[in-house]
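Asker: let's see this in three dimensions:
(one chain, ligands or ions: 1)
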Amino acid sequence: MSNSIPRPSRPSLAPPTSALPALPVGKTRKSTGGLATPASKSTPGTPKTGLRAPSSTYLPPATPAPTGALPQPRAVSGINGAGKTIRKTVSINSFPQPPRGDRVSSLPPSPLSAGLSSRKLKTPTPSYHGSGTPSLLNGTGDGKSVARGAGARDSDGLLSISSPPQSRSSSAQDSYSTSATQYDEVGDSALQKSDTSAGKRASKVDGKGNVIVSVRVRPDAQGNDHGKADGEWMVDGRKSLIGYQGKEGGDYYYDNVFTTHDDNSRVYDHIAKRLVRRVMEGYHGTVFAYGMTGTGKTFSMQGTASSPGVIPLAITDIFSYIRETPSREFLLRVSYLEIYNERIHDLLSMSTAPGAGNVPQEEIKLREDSKRGVYASPLKEEIVQSPTQLLRVIARGDQARRTASTQFNARSSRSHAVVQIVVESRERIPGNPGGDNKRSGLPPGGVRVSTLSLIDLAGSEKAAETKERRTEGSHINKSLLTLGTVIAKLSDSKDKDGKPADKDGKHLPYRDSKLTRLLQGALSGNSLVSILCTIQIGSAGSVASANTHTGETINTLKFASRAKNNIVSHAKRAEEALGAGGDGGARVLLERYRMEILELKKELEVKAKSKNKEEDEDDKVKDEEEERAREKEAELRHEEQMLEMQLARTALKERIDHLNRLILSSKSIGVNAGGSYSSLGMHPRFSTVSQASIRSSLAPSSTGRPLLERTASMTSTSSTIGRLSNGQRNSSATEQPPPDDDDSLGEFGDGTASLQAQNRALQADLADKNRYIQTLEKRLLQARRASQSRTSVGLSPSAKGIMVGEDHSVAALLKEKDSEIAELRARLDDKDRMLGALRSAARSRDNADRVESRSEIRVSQVFEPPHPPPSHPPPAPGSPPRTSPKGSPLAKRVSHIRKRTKSVDEMSKMLDEMIHERVESGQIVRGNRGSVRVASSDQKHKTESSSNPPIQLQLLARQRASVLNEPTSTVALEA
Ligand SMILES: Nc1ncnc2c1ncn2[C@@H]1O[C@H](COP(=O)(O)OP(=O)(O)OP(=O)(O)O)[C@@H](O)[C@H]1O
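Answerer: Alright, predicted model coming up:
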C-alpha cells in the first residue's frame, strides 16, 4: 500500500462546501532535507546519511514499564535526568493503515483483544514501536503490524498517518459508525468486565490511546535545518523520535514528531483533526501547546493568514462536520479566557477599543459541577453560526490577550489562553425539523453536549529582565510546574473518595494553580487529549543562552514523555440529555431553545385562534364603531352647519339692523320719498336709532331729541325750499314759525358752516355706509358659498333634507335682504340727489349771504329802523327750554343764527311793508303774478328824489329770494 496518497489541498478558512477532505496522509515529499531517501525507506531504523540514528544506547533496557503490570504500548523507555525511567512512546498513528477494503468490510477488532494483543507484547523490544491500541484518536485501532516492513514508510521516510476510516467516509447517519464510536461502545462493555486484570489493562490501554503527545521543532532564525542532526541532537520524524546525545540525553519517542519542514496543516491533521471529529460526535476534547517561550506554540495554535493553525482549522472542520451531518442539529457557543498572573480574565468581555482601557471585570472564579466538571464563571459565551463568525470572536479575544516582548520572543504570550467551543447536538427527526414530536409520534432525541478546549499556554522562561516580566514569569513557571507535577503524579489510582490520586493515594494538586484546576477534567481522564510540545534546537546566541535553551528543551521533552505515559483518558461520549434536566441542565441551550420554540409555536397557535375570534368580534365592534363615528361626524357636521347658519343669521340680522339704522339715519335727515320729515320722525322703528345717526353726522348733543328735531328741521328747510310755492313761501315768510321750527331754522337755516359740516358729515356717513354694505355683501357671499359647500357635502338623506329646508329659508332671507339692499341703494341714490340739492342750496346761500351783508349795510344806512330789533325775542309759549348754556359756542352760534334769521325776516317784512307803501303811494305797481314794477315817470321821479327805489327794491327782492332760497328768476323786477 502506498502511503504517498496526495493530500488534498486544505480548504481555506471558509467552510468547505464539499464533503470532508480526504484523510490526512503523509504528504509526498521530494526532498527530506537530507533525511530519508526513497532508497533508504527499505531500511527503516537504519541511520540515514547525515543523521544520527537513534543509538541503541538510548534504547531502554528491556525492563517492564514503570506502571508495573500494566502493559505499555510502546515501552521504549529512557532514563530521565532524575534517574527516573521515562517511557518513550511511539505514536500508534505510525502504524500502517490496513487495506481500506478490509476496514470497511470487517468489524473493528475488539478493544479487549486489542488489549490482549498488546498485553502479549508487553515485553518491549527495540523493534517494537507500537501497541496497536485502539483509541478514539488513532482512528481505527486496526491492528497495526508491530514490525513493519519497509513498505510501511512513505517515500520520504517520514511517518505516514493512518487514515481513520470515519474521518473521510463516515456517513452522516452514523450507519457506518466511526471506529472510534464502536471502540468506545465496545470499550464501555469492556470496562464493565474490567474486574479482570486483562480488562483493566485493556481499559488502561484504551485510555492511553486517547492521548496524543507530539513534539514540534521550530526552525531557527538562521535557517539551520534541525531536521538533520545538529551536533548532539537528532530528529527523526518518521520514527517520531528525538535523540539527544548530551547530558541527560536519550531517545524520546512520541506520537508525532514534526520537523522544521512540517507546516501547520500537517500538524493539525496529526494532532487535532480526529479529536475535533470526536468532539463533534459527543466527546470532550482538549488540545494544548506547551513549550518554552518563542518556540512556536501560538504559531501552531493560531497560525498565520497563509498558514492557519490548529484553531482555525478545527473551526473549519467543525462546520464541515455539521454540513455533512444532516441527521443532527447543532448549536455552538464559544468562550475565550486567559489566566494571567493567576487571575482569570474573560477575553470576550474585554474592550479592545483604543483608549478604552481595561475596564475592571467581575472576578471570574472556577466552579465545579458534577455534570460540567470545572468551569469558569461568569464567562461570556457567544453563540456562533458560521466559521467566519467564530473566527472573528476568537480574533477579538486574541487582540485582548496580554503579550509582551521577552528575550526569545518579540510578541510573547504572557498568559495561558483557553478557547472553549461547546457543541450541542440533537438528533433531528426526519420530516420534523421544528422538533414537534407530537406530529411525528417519535420521542425527540436528547441533547449531547461536548466541549473542545484549545489552549495556548504561556511560555516558560528562566531569565527575565524586568520586574513585570519576572512576576509574570514566576506565575507562568509556577503554573507550568504545577501542571508538570500533576501530570507526573497522575496514575490510575483513586483516593478513598474515588477521586484521582497519586500512586500513594494522595490528592493531586490540581488546586495549586488555575491552569491545572481548569485542566482537571482533561487530565483526570474525561477528555480526549492532544498535547503539542514545541522546542527549538540549536544555539541561539551566547553559550549561556544555548545552555538555557537546551535545558528548557530537555525539560519540555521530559514533560511530553510524562504526559504520554501518565495521562489516562477514559473519555466517553456525552450522554444525551433529555429535556432541560439532563446533562448540563440549563446549559443545554439547544434543548432550551427547542422548548422555547415549541412553547412559542403553541402560543402562536393559541394566539392565532384567539386572533381569529377577536378579529370577528373586532370586525363587529369596528363596524359599530365606524357607524357611531359616522353618526357622530354627521352630528358634528350638522352642528357646525347649524352654527354657521346661526352665524349667518346673526350676520344678516346685524346687517338688517345696520341697514335699518342707515335707513333711519337717512330718514332722520328728512330725505324720504314724500320729502316729509314728520312722518319719518314719528316712525317708531326709526326713532329709536335716530340718535346714533345724528351723532354720526352732527356735533354732539346732550340729548337726542333736540338734535333729532334740529336735524329734521334743517333737512326740511333745505329740501323744501325749492319746492314750496311762492304763496307758501310768502306765508312761511310772513307767518311766525313755530318755536321748534324757529329754533331749528335759527340753527341751520343760514350758516354756510352748518351746511358744509352737514355735507361732510353726510359724505362721511355715505362712505361709512358704503363700506358697511360692501362688508355685508362679502359676508353674504361667504355665507352663500358655505351653504353651497354644505349642500354639496355627501350627507345622509335625512341631513340633506334638513339642509334643503334650511337653504330655502336662507334663500328667502337672502332674497328679502337683497331687496332691502336694493331699496337701500335707491334711498342712497335719493340721498345723493339730496346732497346735490344741498350743495346747490349751499352755493345759493353763499351768494345770498354776500348780498345780504352788503344790503344790510345799505339798508341800515338808508332805512333807519324805528326800533332796534330785540336782541332776544321772547320765547314762544310752550317752546322747550333751552338746554344749551348761554355762554357755550353752540349757544352763541344758535343765538347768532337766530338773530340773523330774525333780522332777515324782519327785513323781509319791512321790505314787504315798503313795497306795500310804495304800491299804495303809486310809486310801484304790483304785477299779476306778485311781481312789482315802477309806476309812471312822475311817480318814478318822486320816488327817485327820495331814494333809488328800483335798485333798492331789486336788492331787497334778491335778498329775500336768496334767504328763502328762491330762484331769483321768480322775482322779476319790472322796469
Ligand atoms: N514552525 C515555525 N515555522 C516558522 N516560524 C515559526 C515557527 N514556530 C514559531 N515561529 C516563529 O517564531 C516566533 C515565536 O513564535 P510563537 O510566538 O508562536 O512562540 P510561542 O511559543 O508562542 O512563544 P511565547 O510562549 O513567548 O508566546 C514567531 O515569530 C513565529 O512566527
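Asker: over the helix or strand containing residue 838, what's the mean pLDDT, rounded is fine.
Answerer: In this structure, residue 838 sits in helix 797-862 according to DSSP states H and E. For helix 797-862, mean pLDDT rounds to 71.
Asker: try stretch 298-315
Answerer: In this model, stretch 298-315 has an average pLDDT of 94.
Asker: what does it rub up against?
Answerer: For stretch 298-315, contacts defined as CB atoms under 8 Å, 6 or more residues apart in numbering pick out 10, 13, 216, 218, 263-265, 267-268, 271-273, 276, 287, 289, 387, 390-391, 394, 398, 413, 419, 421, 452, 454-456, 532, 534. (Glycine included, C-beta is placed from N, CA and C.)
Asker: give me the buried entries from those.
Answerer: Among the contacts of stretch 298-315, those that count as buried by neighbour count (16 or more other CB atoms under 10 Å) are 10, 216, 218, 264-265, 267-268, 271-273, 276, 287, 289, 387, 390-391, 394, 398, 413, 419, 421, 452, 454-456, 532, 534.
Asker: can you tell me the SS state at the spatially closest residue to residue 210 that is not a sequence neighbour?
Answerer: Spatial nearest neighbour of residue 210, chain neighbours left out: residue 569 (3.6 Å); criterion: CB to CB, 6 or more residues apart in numbering. On the three-state scheme (DSSP: H, G, I helix; E, B strand; the rest coil), residue 569 is labelled coil.
Asker: what are the phi and psi values at residue 569?
Answerer: Torsion angles at residue 569 (phi, psi; degrees, to the nearest 10) stand at phi -120, psi 130.
Asker: ok, now residue 263?
Answerer: Per degrees, to the nearest 10, the backbone of residue 263 is at phi -100, psi 180.
Asker: is residue 575 in contact with residue 446, as I believe?
Answerer: Yes. At 7.4 Å, residue 575 and residue 446 qualify as touching, with contact defined as CB atoms under 8 Å.
Asker: which one's more surrounded, these two?
Answerer: When residue 575 and residue 446 are compared on other CB atoms under 10 Å, the one with more neighbours turns out to be residue 446, at 19 against 15.
Asker: tell me the confidence at that one?
Answerer: 78.
Asker: skipping its backbone neighbours, what lies nearest it in space?
Answerer: Excluding its sequence neighbours, the residue lying closest to residue 446 (CB to CB, 6+ apart) is residue 576, at 3.0 Å.
Asker: now do the top helix by length along the chain, average pLDDT.
Answerer: Determined from DSSP state H, the single longest helix within the chain is helix 589-668. Regarding helix 589-668, the rounded mean pLDDT is 80.
Asker: packing partners for it?
Answerer: If you count contacts as 3 or more CB pairs under 8 Å, 6 or more residues apart in numbering; DSSP states H and E, helix 589-668 packs onto strand 328-340, strand 416-427, helix 677-682, helix 684-687, helix 690-697, helix 704-720, helix 752-792, helix 797-862.
Asker: my guess is residue 249 contacts residue 233. True?
Answerer: No. Contact between residue 249 and residue 233 fails when scored by CB under 8 Å: they sit 9.3 Å apart.
Asker: related to what we said a few turns ago, out of the buried ones among the contacts of stretch 298-315, which sit inside helices?
Answerer: Residues of those located in helices (DSSP H): 264-265, 267-268, 271, 273, 276, 387, 390-391, 394, 398.
Asker: can you list the domains in this structure?
Answerer: Following the assignment in automatic domain parsing, the chain carries domains at 38-43+69-353+360-587, 651-974.
Asker: confidence-wise, which of these is weakest overall?
Answerer: Ranked by mean pLDDT, the domains of the chain end with domain 651-974 at the bottom, a mean of 57.
Asker: contact partners for the closest residue to residue 333 other than its chain neighbours?
Answerer: Of all residues not flanking residue 333 in the chain, residue 381 sits nearest, at 4.4 Å (CB to CB, 6+ apart). Neighbouring residues of residue 381 by CB under 8 Å, 6+ apart: 333-335, 422.
Asker: same list (the residues you listed) but as a markdown table, adding distance to residue 658 and neighbour count.
Answerer: What follows is those, written out as a markdown table (distance: CB to CB, whole Å; neighbours: other CB atoms under 10 Å):
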| residue | distance to residue 658 | neighbour count |
| --- | --- | --- |
| 333 | 89 | 20 |
| 334 | 90 | 21 |
| 335 | 91 | 23 |
| 422 | 93 | 23 |
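Asker: just the closest residue of the stretch 101-250 of the chain to the ligand, please.
Answerer: residue 218 (4.0 Å; CB to the nearest ligand atom).
Asker: surely that residue touches residue 535?
Answerer: Yes. Applying CB under 8 Å, one finds residue 218 in contact with residue 535, separated by 7.0 Å.
Asker: hey, what's in contact with both of the two?
Answerer: Joint contacts of residue 218 and residue 535 (CB under 8 Å, 6+ apart) are residue 295.
Asker: related to what we said a few turns ago, spatially, which two of the ones in helices among the buried ones among the contacts of stretch 298-315 are the most separated?
Answerer: 273 and 398 (22.1 Å; CB to CB).
Asker: so how far is residue 483 from residue 336?
Answerer: Distance check for residue 336 against residue 483: by CB to CB, to the nearest Å, it reads 20 Å.
Asker: tell me which of these two has more neighbours.
Answerer: residue 336 (28 against 24).
Asker: chain neighbours aside, what residue packs nearest to the more buried one?
Answerer: Using CB to CB, 6+ apart and skipping the chain neighbours, the partner closest in space to residue 336 is residue 397 (3.4 Å).
Asker: so what's that neighbour up against?
Answerer: 336, 347-348, 417, 419.
Asker: can you put these in TSV and add distance to the ligand?
Answerer: Formatted as TSV, those follow (distance: CB to the nearest ligand atom, whole Å):
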residue	distance to the ligand
336	16
347	15
348	20
417	10
419	15
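Asker: and which of the residues you listed is nearest to residue 828?
Answerer: Using CB to CB, residue 348 comes nearest to residue 828 of the contacts of residue 397, at 95.7 Å.
Asker: that closest one - how many residues pack around it?
Answerer: Using other CB under 10 Å, residue 348 is surrounded by 18 other residues.
Asker: so it makes contact with residue 336?
Answerer: Yes. Between residue 348 and residue 336 a contact is recorded at 5.2 Å, counting by CB under 8 Å.
Asker: joint contacts of the two?
Answerer: 393, 396-397.
Asker: ends of stretch 240-256, what's the gap?
Answerer: Terminal residues of stretch 240-256 are spaced 5 Å apart (CA to CA, to the nearest Å).
Asker: touching the ligand at all, it?
Answerer: No. Counting by CB under 6 Å from any ligand atom, the ligand has no neighbours in stretch 240-256; the shortest distance is 13.8 Å.
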